[in-house]
Structure formats: C-alpha cells, structure tokens
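Visitor: Sequence first, then the predicted structure, then my questions.
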Amino acid sequence: MDVVFVVLPGTLLLDIAGPAEAFRLANQRLQLQGRPPRFRLRFAGPLPEAASSVGLALAQLEPLPTTRQAARTWFVLAGRAEAARQRGTPDWLAARDWLGRTVRPWLLDGTCGCRLLTVCAGTLLAADAGLLDGRRCTTHHELLELLQHTAPCAEVLGNRVFVEDGPLASSAGITSGIDLALHLIAGEAGEAVAAAVAQTMVVYLRRGVQDPELSPLLAHRHHLHPAVHRVQDAICSDATADWSVEAMARLAHVTPRHLHRLFTLHAGIAPLAYLQGIRVERARQALAQGASVAQAAEQAGFGSELALRRAWKGRAAGTPRDARAPRRPRRLDAPAP
C-alpha cells in the first residue's frame, strides 16, 4: 500500500519523521521474516520543496496525487508550526481544495481502501476540507476548541492519544503520531511486528482517558531478553492457546520457576498476569467490534464470561458490557433523515 505524507511549509518534522520511521522499520522487520514490505512511503505537497518547522528543507516532493497508484492508499496530514495562524495561506488552501476534490470521493468509496490519517494540527486541515462531519476525532489539546469550531458537526474528543472512526484516524500532539503508526502496523503486519518496531524505537506505552493502556499488546516489551520476547510474541499471536507456565517455559527453554524470574525481572510482570492482560485486550477489541460478552470471552481464550469479568477488574475500566461498541453518530455520507 502507499502511505502518502502531505507536506506543507512549516510542517512539524516529527509529525512526519516519527510515523515514517515506524513504517520503515516495519518493512525492515517484515523482510527479516522473509515477508514482503507492506508500506511504500511517498511524500507530496502543493510545492516541490518545503521548509519544515526546524528549518530543514524537505525537497523533491511529489505533486498532490490526482490518481491512486496502489489499490490501497493512506494519506497522512501532519501538523505545522503555529497552525492556527497559518490557515488561509496559498499552500493550505491548495491542500484543502485537493482534499475536498480528490480525496473525499475516495474516502466515501468504502471499497477502495483509502484512509485519512492526521497527526496533531493536521486534523484542522481535514476539518477545513469538510472531511470530519459526523466523525469522531481528536487533535493536540491546545487546538481542541478550535477544531470543534472548525468542524461543528464532528464529535471532538479530548484526552485521547488517537481516535479511529471509519476511514479516519486522528492523533493528538506530535509524538502521538508514532502511537497511531504502531497501532496501524499491528493491524496490517501483526502485533509481533509492531512490538518489535516499538522496542527498536524505544517507545513506551501511552495511556488514554478511557483505557488504562491503549495498547497492552505493546506493554512490558521495553526489554532485551530474547526468551521473554519469544514467549510474549507467541501469546500475542495466539492468546486462545492452552497456555500454562509450563508451556511458556518449554517455549523459552527454561524451567517454569526460572521463567517466572525472567518475566518479573525483564518484563516487570508475572507470566500468567501478562497472559491475562493480553486476553483482556483481545476481549476488549472483540467487544468494540460488536461481539457479545460470551463471544468476546471465547475469542480471547477465557473459559467463561465469569473468568473474563474477573480478569477485567483492575485491568480495564468499567465492565465488559460497558466496552461494547457504542452507537455511532451519522456519517458524512449518510442520507439526511
């Protein structure tokens, strides 16, 4: 797939470099596994060259595309320095008009695999183009009020690292673009690849207002012990397996007692507690996609609803029933009542 970064003058360099490096590392990890790279990075803008927020010139930018070169394309809108005062510049207007004229129809066509990703103040550009109506979104905490004013028909959420709604995925301030990229990598290339990328980038877990851990699948991975990582990779790949400390120890080629010591020392958590956390996250994802509590328990590897509820306490907010997918606001492509 193509990942097209839209670059304007004054673009925050980390908004581009952070996610782009995450995607590059994901490709590298995939190739090490004998798998083809998944993400083709492209950089485009209304001008062939643009100075970034720190003065570094980003050159050889492609023109903003009017046709898609890949079956699936993700467009990334980065923030820019002093975004509130930069709206209305010729380059901003050119990008806004291009989004409305070219990207909007692709987003409305649910079969073409196009997505719009925004980092920090990049959400304001999407709002100016009218792409947020009926969508849930977020941005940098200092710009939430401005975003709500710019997109009055959107549901603007604060205190979120990132928010996904249909083809739109928006992230908060600056480094949250890396968190969003890791989340997307996990969905495309697998949790193990995303965890490896996070470890390489030395990225630690972010927290949101609703979830105690936005991505427990990436938690307890900031260590360098290969045997512990091997067990964690296997659990993340198949949390429903009949895992016991003995089974984990066989995979790590150590005794159960030694595995417990290794997990506690390097991952900061006991093996079975780690397993329960992964299973709770799997159940939470299933519930968010509309599964019943019983279905979520089965899909996550719990023997019963009661086992899920017991594991849920202290690991996630509310109850499993509270985590079921809420009703969505009307989409911008939905017919008026």
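Guide: Yes, it's here. Residues are numbered from 1 along each chain as shown.
Visitor: At which residues are the strands of the stretch 151-300 of the chain located?
Guide: 155-156, 162-165, 168-171 (DSSP state E, counting those that start in this stretch).
Visitor: nearest to Ile16, of these?
Guide: Closest to Ile16 of the strands of the stretch 151-300 of the chain is strand 168-171 (C-beta to C-beta; 12.8 Å). For glycine as for every other residue, the C-beta is placed from the backbone atoms N, C-alpha and C.
Visitor: Which neighbouring elements make contact with that closest one?
Guide: strand 114-118, helix 122-128, strand 162-165, helix 176-189 (3 or more C-beta pairs under 8 Å, 6 or more residues apart in numbering; DSSP states H and E).
Visitor: picking that back up, kindly compare burial across the strands of the stretch 151-300 of the chain and name the winner.
Guide: strand 168-171 (a mean of 26; mean count of other C-beta atoms under 10 Å).
Visitor: can you list contacts of that strand?
Guide: Strand 168-171 is contacted from outside by 107, 115-120, 122-123, 126, 131-132, 135, 137-139, 161-163, 177, 179-180, 184, using C-beta atoms under 8 Å, 6 or more residues apart in numbering.
Visitor: Now tabulate the helices and strands packed on strand 168-171 in JSON lines and tack on distance to Ala78 and mean pLDDT.
Guide: Converted to JSON lines, those look like this (distance: least, C-beta to C-beta, whole Å; pLDDT from 0 to 100):
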{"stretch": "strand 114-118", "distance to Ala78": "8", "mean pLDDT": "95"}
{"stretch": "helix 122-128", "distance to Ala78": "5", "mean pLDDT": "95"}
{"stretch": "strand 162-165", "distance to Ala78": "14", "mean pLDDT": "89"}
{"stretch": "helix 176-189", "distance to Ala78": "8", "mean pLDDT": "90"}
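Visitor: Tabulate those in a markdown table, adding columns for distance to Tyr274.
Guide: A markdown table is the format used below for these (distance: least, C-beta to C-beta, whole Å):
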| stretch | distance to Tyr274 |
| --- | --- |
| strand 114-118 | 30 |
| helix 122-128 | 35 |
| strand 162-165 | 24 |
| helix 176-189 | 17 |
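Visitor: Might you report the residue contacts of Arg87?
Guide: 124, 128.
Visitor: One more pass at 10 Å, please.
Guide: 80, 93, 96, 121, 124-125, 127-128, 146, 150 (C-beta atoms under 10 Å, 6 or more residues apart in numbering).
Visitor: Likewise for Leu182?
Guide: Here Leu182 is in contact with 19, 22-23, 25-26, 162, 191, 193-195, 197-198, 201, 203, 206, 214-215, 217-218 (C-beta under 10 Å, 6+ apart).
Visitor: which residues of this protein score low on pLDDT?
Guide: For the chain, the stretches with pLDDT under 70 are 84, 204-215, 222, 325-337.
Visitor: closest to Ala234 among the contacts of Arg87?
Guide: Distances from Ala234 to the contacts of Arg87, taken by C-beta to C-beta, are shortest for Ala121, at 40.3 Å.
Visitor: Would you quantify the distance from that closest one to Arg85?
Guide: As judged by C-beta to C-beta, to the nearest Å, Ala121 and Arg85 stand 11 Å apart.
Visitor: who's more crowded, these two?
Guide: Neighbours per residue (other C-beta atoms under 10 Å) separate Ala121 from Arg85, with Ala121 holding more: 28 against 9.
Visitor: Can you tell me how far that one is from Glu145?
Guide: Taken as C-beta to C-beta, the span from Ala121 to Glu145 is 13 Å.
Visitor: Ile174 and His140 touch, don't they?
Guide: Yes. Between Ile174 and His140 there is a contact at 7.5 Å, judged by C-beta atoms under 10 Å.
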